[in-house]
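Sequence and predicted structure below; questions after.
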Amino acid sequence: MSEPPPKKKQKPTNSTAGNSITRGASHPEMVERHKKAKSTLSSLPSHQKSSVLQRYHGSSTAVTRLHQLRRDDLQEDTSNLTPYQMRNLQKRRSKSNPAVRRMTERKEVKRLENAMDAMHAEEILHDNSAGVIEAETDMEKTTQMTQEKLKGMLEENVARNIYDLELGDYSPYVMKYDRSGRYSLLCGRKGHVAVIDQHTMGLRKEFHLGERTRDACFLQDGSLMAVAQERNVFIYDENGAEVHRLDGHKRVSSHVLSRNTNLFLLALSSQVNVYQISHYTKATIGHAGFLQYQDTSTGEIVSQHRTKLGPCQTIRQNPHNAVLHLGHTNGTVTLWSPSSSEYLVKMLCHKGSAVTSLAIDRSGTYMATGGGDNKVRIWDLRMYKETHHYKTYGGPPVCMDISQTGIMGVGHGCHSNFWRSEGLKTKINDMYMKHELSGNGPLESLRFRPFEDVCGIGHAGGVSSIVIPGSGEPNLDSMEHFTNPYMDTKQRRETEVRSLLEKLRPDMIALDPDVIGSIEESNLIQKQQRLRDLAENADAKKAAEKEASKNKKQKKKMRGRGKIGKKLARKQKNVIDEGVEKLREAREQEKAAKEQEARTGEEADINDAPVALRRFF
């Protein structure tokens with residue numbers, strides 16, 4: 001008798017097969033996780049809760065675009081659909097897809113959990129906080145703390161950052177730092193250039209150019225530097241060897257490197273700045289007000305603009321959106337981007353005086369401007385309005401900078417004053433610290449050292465380094481390009497390659513940086529309609545303001561109203577006098593008699609004239 005065939009192994013059954021999910025947790029488990037995450041979020045403190053919600057919802061621009069897309073879905077155009085397509089669309093709207101709903105809920109749960117994990121990770125990694133000087137009693141003030149007193153209280157590694165270098169033979173000097181804060185660059189107006197390692201306090205390189213230098217700055221890191229000399233801008237390496245000469249940018253008097261990887265050079269008649277961004281773009285502006293952008297990675301000219309506002313006194317870059325801020329001699333500040341041939345915004349910051357210096361905070365929210373009227377004005381860049389101002393004594397503010405933590409430093413004459421970060425939001429009466437360099441004024445440059453509580457000052461006697469507690473960012477992000485002060489040659493090479501791969505186009509520079517990477521309009525017709533409505537509303541508002549200004553009663557201005565004769569005439573105007581009435585009647589009779597005589601004389605002349613000439617009368 002043959003044996004029966006072997007039975008096939010049956011798959012184990014699951015009582016909850018209907019609710020099981022192929023990958024990950026089941027739907028009931030995800031619902032439970034969602035409830036648990038919401039309860040945890042509600043129990044968090046207010047600052048942690050706002051941080052989680054900001055990461056969960058994204059930027060304000062993304063939220064606005066999402067609302068616009070939802071409104072577009074409700075007002076979509078269905079005129080081109082057939083009746084069959086309309087029935088299918090209504091059927092899908094009435095009956096939702098459970099698979100799509102579960103997938104959406106799963107993604108929302110994961111996004112909320114990731115936002116909470118990111119908040120906790122930030123608190124764990126950013127365990128350091130900036131320390132500031134606090135007065136113990138009301139009778140004490142932090143401005144009384146001098147650098148001599150502070151040097152005796154600090155530890156040795158921090159106290160050695162307080163020093164003065166007397167370099168009067170090649171003064172005045174400009175002092176700047178690279179992005180990591182490890183190297184400092186000293187540039188004398190008589191051709192002396194030096195690089196100092198701030199970790200070892202040793203001289204890294206020193207050379208003399210033999211001609212006048214206007215300004216100098218580091219490029220993407222401490223290995224390359226740009227020096228604005230008498231005629232052209234030259235680029236040197238860390239050994240002092242000439243690498244390149246920029247022939248297209250002549251008579252440059254200042255450069256500025258900004259926050260990421262770009263060189264901005266200024267062709268000015270007085271002050272200079274250099275910045276870096278992640279677009280590898282160099283910008284120069286001359287005494288004639290000609291703004292030029294050039295791509296430093298390819299050498300191509302990006303754009304050229306005429307500001308038509310004359311000489312530019314100072315230039316800075318907004319660290320938030322990479323827009324250039326130019327300060328002009330007529331007291332205005334203009335905002336520029338490579339993609340626009342006209343200025344984006346024009347602000348009258350100092351009426352009747354030139355803009356001598358300006359600085360922008362790290363978030364791009366507040367801008368500080370200094371003018372020839374000896375005032376430092378604080379502007380809110382979200383509304384482009386002035387919030388408050390400070391007064392300086394001993395000269396106009398010629399140099400200015402805002403640290404990573406928001407401390408504002410202003411240099412005027414031989415003085416340097418510092419305000420807390422609260423001084424940008426509201427006006428405060430007491431300064432945070434101050435430092436005086438008697439006999440070395442006026443100051444040439446004032447820059448905060450990144451990631452350190454140090455401020456470098458260049459002046460007519462050389463350079464000075466002082467300690468401002470709480471000015472440096474305490475938490476270093478080594479993943480950001482060229483901010484690691486301890487990177488070796490291999491790390492620097494890899495960072496340069498990554499920064500070039502992540503390079504953005506210069507035309508991406510805009511006032512709103514959140515536009516890049518946001519959701520595009522789903523319907524082109526609705527986008528055009530929305531833009532048309534915005535333009536019509538703006539035109540209607542402008543027309544209403546113009547009409548209101550016309551209807552406003554104009555005040556009649558008269559000169560000399562306070563004179564004695566005018567006052568007596570106004571008093572006698574409504575007085576009825578018998579003598580005055582007789583005088584008026586006599587004058588009217590005399591006037592009528594003169595007119596009668598004139599008419600009679602004309603008739604006599606006509607009668608006496610020859611017949612051939614009477615037609616001319």
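Structure received.

quick one, helices of the stretch 151-300 of the chain?
156-159 (DSSP state H, counting those that start in this stretch).

Run through it and note the low-pLDDT ranges.
248-279 (pLDDT under 70).

repeat that with 80
220, 246-284, 286-288, 294, 296-297, 299 (pLDDT under 80).

which residues of it fall in strands?
Residue ranges of the strands in the stretch 151-300 of the chain, as given by DSSP state E, counting those that start in this stretch, are 163-166, 173-177, 183-188, 192-197, 202-208, 213-218, 224-229, 232-237, 242-250, 254-257, 263-266, 274-275, 281-285, 290-295.

Let me have the ones you listed in a markdown table, extended by mean neighbour count and distance to residue 390.
C-beta: built from backbone N, CA, C; applies to glycine. Supplementary listing: these in a markdown table, determined by neighbours: other Cβ atoms under 10 Å; distance: least, Cβ to Cβ, whole Å:
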| stretch | mean neighbour count | distance to residue 390 |
| --- | --- | --- |
| strand 163-166 | 14 | 27 |
| strand 173-177 | 25 | 24 |
| strand 183-188 | 25 | 28 |
| strand 192-197 | 20 | 32 |
| strand 202-208 | 13 | 38 |
| strand 213-218 | 26 | 27 |
| strand 224-229 | 24 | 31 |
| strand 232-237 | 18 | 35 |
| strand 242-250 | 14 | 35 |
| strand 254-257 | 28 | 24 |
| strand 263-266 | 29 | 25 |
| strand 274-275 | 27 | 25 |
| strand 281-285 | 27 | 28 |
| strand 290-295 | 20 | 30 |
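
now for these, which one comes closest to residue 538?
The closest of those to residue 538 is strand 290-295. By Cβ to Cβ, the value is 27.6 Å.

In terms of secondary structure, what does the closest one contact?
In this structure, strand 290-295 makes packing contacts with strand 242-250, strand 281-285, strand 301-306, judged by 3 or more Cβ pairs under 8 Å, 6 or more residues apart in numbering; DSSP states H and E.

Of these, give the one that comes closest to residue 101.
Among the helices and strands packed on strand 290-295, strand 281-285 comes nearest to residue 101, with 46.6 Å by Cβ to Cβ.

In the one helix or strand residue 527 maps to, which residues are buried?
Element membership of residue 527, judged by DSSP states H and E, is helix 524-551. By neighbour count on 16 or more other Cβ atoms under 10 Å, the buried set for helix 524-551 is residue 526.

Pull whichever helix or strand comes after it out as CSV, backbone CA atoms only.
Where DSSP H and E defines the elements, the next helix or strand beyond helix 524-551 is helix 564-572. The C-alpha trace of helix 564-572 is given here as CSV (Å, rounded to 0.1, in the frame of the first residue of the first chain):
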residue,chain,number,x,y,z
ILE,A,564,2.6,144.8,13.8
GLY,A,565,1.3,146.2,10.5
LYS,A,566,-0.5,142.9,9.6
LYS,A,567,-2.0,142.6,13.1
LEU,A,568,-3.4,146.2,13.0
ALA,A,569,-4.7,145.7,9.5
ARG,A,570,-6.6,142.5,10.6
LYS,A,571,-8.0,144.5,13.6
GLN,A,572,-9.2,147.4,11.4
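
where does helix 564-572 sit relative to the chain's centre, distance-wise?
Counting by Cα atoms, centre = their mean, to the nearest Å, helix 564-572 is centred 58 Å from the centre of its parent chain.

just stretch 133-153 next, same as before
Worked out by Cα atoms, centre = their mean, stretch 133-153 lies 33 Å from the chain centre.

Likewise for stretch 371-380?
With Cα atoms, centre = their mean, you get 15 Å for stretch 371-380.

Just the endpoints, please. Distance across that stretch?
17 Å (Cα to Cα, to the nearest Å).

Export stretch 98-118 to CSV, keeping only CA atoms.
Provided in CSV are the C-alpha atoms of stretch 98-118 (Å, rounded to 0.1, in the frame of the first residue of the first chain):
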residue,chain,number,x,y,z
PRO,A,98,-8.7,54.2,3.6
ALA,A,99,-5.3,53.2,2.3
VAL,A,100,-4.4,56.8,1.4
ARG,A,101,-5.8,58.1,4.7
ARG,A,102,-3.8,55.6,6.8
MET,A,103,-0.6,56.4,4.8
THR,A,104,-1.2,60.1,5.5
GLU,A,105,-1.7,59.5,9.2
ARG,A,106,1.4,57.3,9.4
LYS,A,107,3.5,60.1,7.8
GLU,A,108,2.1,62.7,10.2
VAL,A,109,2.9,60.6,13.2
LYS,A,110,6.5,60.1,12.0
ARG,A,111,6.9,63.7,11.2
LEU,A,112,5.7,64.7,14.7
GLU,A,113,8.0,62.2,16.4
ASN,A,114,11.0,63.4,14.3
ALA,A,115,10.3,67.0,15.2
MET,A,116,10.3,66.0,18.9
ASP,A,117,13.5,64.0,18.5
ALA,A,118,15.2,67.0,16.8
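
that older thread, what mean pLDDT does the helix holding residue 527 have?
In this model, helix 524-551 has a mean pLDDT of 81.

got it, and stretch 479-489?
For stretch 479-489, the per-residue pLDDT averages 86.
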